[in-house]
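K.L.:
When you get a sec, could you give me coordinates for this:
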Amino acid sequence: MTIHSNSNIPVDLLGILSCITDGVIVYRKHHVLFANVEGHLILEQTQKTLLNGLQFDEQAQSFHQFEIEITERKERLIAYCLPTQWEGEQASLAIIKTQREYSNLFKPTKNTKDAVQNSINRVDILFESAGDGYWDWYIPTASVFFSKGWKQMLGYSESDIDHSFKSWISLIHPDDLGKFLIIWSDYMDNTEQHFSIEYRVLCKNKNYLWVEAHGVKDLNAEGEIVRLAGFHRDISERKKNEAKIREYQENLEQLVTQRTLELKHANQKLEELASQDPLTQLHNRRSFDAFLSQQIRSTQRNNNSLSLLLIDIDHFKSFNDEYGHQQGDMCLKSVASGIKKSIYRPADMAARYGGEEFVVILQDTDIQGAIKVSQNIQNNIAALKGLPINPNTKENISLSIGIASYQQIKNKKTAEKDIISLADKAMYEAKKHGRNQICYFNDDLKTASYIVNKPLENQAKIKKMSQPLVYKSDMI
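P.N.:
Sure thing, here's the model as predicted:
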C-alpha cells in the first residue's frame, strides 16, 4: 500500500486531521492518501489485517462502522468510515480507535456508547470546521444523508428534514429549480463532467440562502451510478458583495453615461459658442467661412447649384446714432430673427457677416430661387414691430440684398472669394439705386437687375434662369 502526497489539500484541513488523537486514514482503493501520526502507527502494526478491512469497507454505501480484531495483540480496532472527496476525487475517510482488553466491548456499556458518539461527533466537527455541509445521495434506496452542518447552515434541527431527494428539491428556490435539475440530469447522464451549481435554498426562517454545491458520483462494478456525494458551501456573503459590486458598477455606468452626456452637451455648447455670434445667435464669420468652403467643394463635386445673399441694413449708422447702441443692438437682433425665419431648410445657413451685414448660403438654389428667399426676408423685416422708424427715410427698417450664384463664377479655383465679391457688388448696386431692393447681375456680369421691395403679389415677373428652381415657392 502506497501513501500518496497531499500537497494540494488545504493546510487548515490537514491541520484538523493531524490534530485528531485517534487514527485518521484517507484511502482510495489500494492507496492510502493521508494518515495522521496515530494512523501511521496503526498501519505499521496491523497493516495486512487493517487493509483487508478497509478494502472490504469500500463496498459500503454510507456512513457506518466496522470492527477488526487483532488477536495476537489482544486489540480491537473500531473504524468509523464515510465517503468523502480528496483532491477532487471520491475517497473514503476512516477514524480508527484502538481498544485493548476488548472482552467487555460487546457489552452495551455507557463508555462504549460514549466512545462511538465521540467519534461520530469528531467526524461532524471535521466537516463543520471545513465550513461545508456534507450530503450523500444513495441512489438504490433513494435516501439522502445530510450532515449536521448541512442542516445547521439552513437553521434546521436534526429532525426537521426528511432524508429524501424530494425533501431536498422542495427547498430549492423556484427560480433556480429548473437550472438545478438540468445540471443534475446532465451530470448523471455524463453530458457534463462536473456537478457544480450555485442556487438558493429555503432556510427554516423562510429566507433563502445562497449556496455553492459540488458533487462527485460513485460507480459500481457495472459502471452504474450508485451514489452522488458532495458539499454545500454558504456563499451568501459573496453574493451580497457581488450584488454591491453590481450596484456600484451600474451606478458607475450611469454616472459615466451622465457625465458623457454632460460632456457631449458641453462640447456642443462650446462648438455653438465658437461658431455663433453672441448678439444675434446666428452663425459667426468664422463658421460661415468654413461652411461656404465646404459647400463650394460639394457643389463642384456634384455639379449642382448654389446661391449666396449678402444683406445690409439700410441707413443703420444713422439709426444707431439717433437711438443709441441699445436700440441698434435690438435692431440687429430683430433683423437676424427675420432672416432666420425665412430660411426653412436645415442645410442652408444664415450668418452675421460683420457690423450690420448678414449673409445667407442657399444650397441647390439658382438665382430665381434666391430672389424668392430674398423677397421673403424683406417681407419679414417689413412686418417687424416695436422698432423705431429710420431717421433718414422716416419709414420702417429696410434691407438691401445682393445675390450671386456659383454658376456665374468663371474661375472655379477662386469661387469662394469671387462669389462673395460678386454678391457684395450686387448689394452696393442695390444701395446705389435707392436701397430697399434686391440686385443681381445678369449673365454678362456687366448689367444688373433690380427688384424694389413691394408686396409679393404686385412684384414684376422675373425671367427664369437656365438652372432648375430648387427652392420651391410653396416653401416661401
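K.L.:
quick one, helices of this structure?
P.N.:
Taking DSSP state H, the helices of the chain run over residues 11-19, 37-57, 110-129, 148-153, 165-170, 174-188, 236-275, 285-302, 316-323, 325-342, 367-382, 415-432.
K.L.:
Pick the most deeply packed of the ones you listed.
P.N.:
Among these, helix 367-382 has the highest mean neighbour count (mean count of other C-beta atoms under 10 Å), at a mean of 23. Bear in mind the C-beta positions are built from the backbone N, C-alpha and C, glycine included.
K.L.:
and it, what does it pack onto?
P.N.:
strand 306-313, helix 325-342, strand 357-363, strand 399-405, strand 437-441, strand 448-452 (3 or more C-beta pairs under 8 Å, 6 or more residues apart in numbering; DSSP states H and E).
K.L.:
Quick check: bridge partners of residue 217?
P.N.:
residue 228 (DSSP bridges).
K.L.:
circling back to that earlier point, include distance to residue 178 when you put the helices and strands packed on helix 367-382 into JSON lines, please.
P.N.:
JSON lines is the format used below for the helices and strands packed on helix 367-382 (distance: least, C-beta to C-beta, whole Å):
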{"stretch": "strand 306-313", "distance to residue 178": "66"}
{"stretch": "helix 325-342", "distance to residue 178": "63"}
{"stretch": "strand 357-363", "distance to residue 178": "61"}
{"stretch": "strand 399-405", "distance to residue 178": "73"}
{"stretch": "strand 437-441", "distance to residue 178": "78"}
{"stretch": "strand 448-452", "distance to residue 178": "80"}
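K.L.:
Confidence-wise, which of those is weakest overall?
P.N.:
Across those, strand 448-452 has the smallest mean pLDDT, namely a mean of 85.
K.L.:
so what's residue 386 up against?
P.N.:
residue 334 (C-beta atoms under 8 Å, 6 or more residues apart in numbering).
K.L.:
re earlier: looking at the helices and strands packed on helix 367-382, which is nearest to residue 90?
P.N.:
If you check each of the helices and strands packed on helix 367-382 against residue 90 by C-beta to C-beta, strand 357-363 wins as the nearest, at 80.0 Å.
K.L.:
Residue 444 versus the residue lying closest to residue 132 once chain neighbours are set aside, what's the distance?
P.N.:
Closest residue to residue 132 apart from its sequence neighbours, by C-beta to C-beta, 6 or more residues apart in numbering: residue 231 at 3.9 Å. Going from residue 231 to residue 444 by C-beta to C-beta, to the nearest Å gives 99 Å.
K.L.:
could you check the distance from the nearest residue to residue 42 once chain neighbours are set aside over to residue 84?
P.N.:
Nearest non-adjacent residue to residue 42, counting by C-beta to C-beta, 6+ apart: residue 23, 4.4 Å away. Applying C-beta to C-beta, the value for residue 23 to residue 84 is 16 Å.
K.L.:
what does residue 311 give?
P.N.:
Going from residue 311 to residue 84 by C-beta to C-beta gives 93 Å.
K.L.:
more crowded one of these two?
P.N.:
Between residue 311 and residue 84, residue 311 has the larger neighbour count (other C-beta atoms under 10 Å), namely 26 against 21.
K.L.:
and of the helices and strands packed on helix 367-382, who's closest to residue 286?
P.N.:
Proximity to residue 286 (C-beta to C-beta) singles out strand 357-363 among these, at 12.6 Å.
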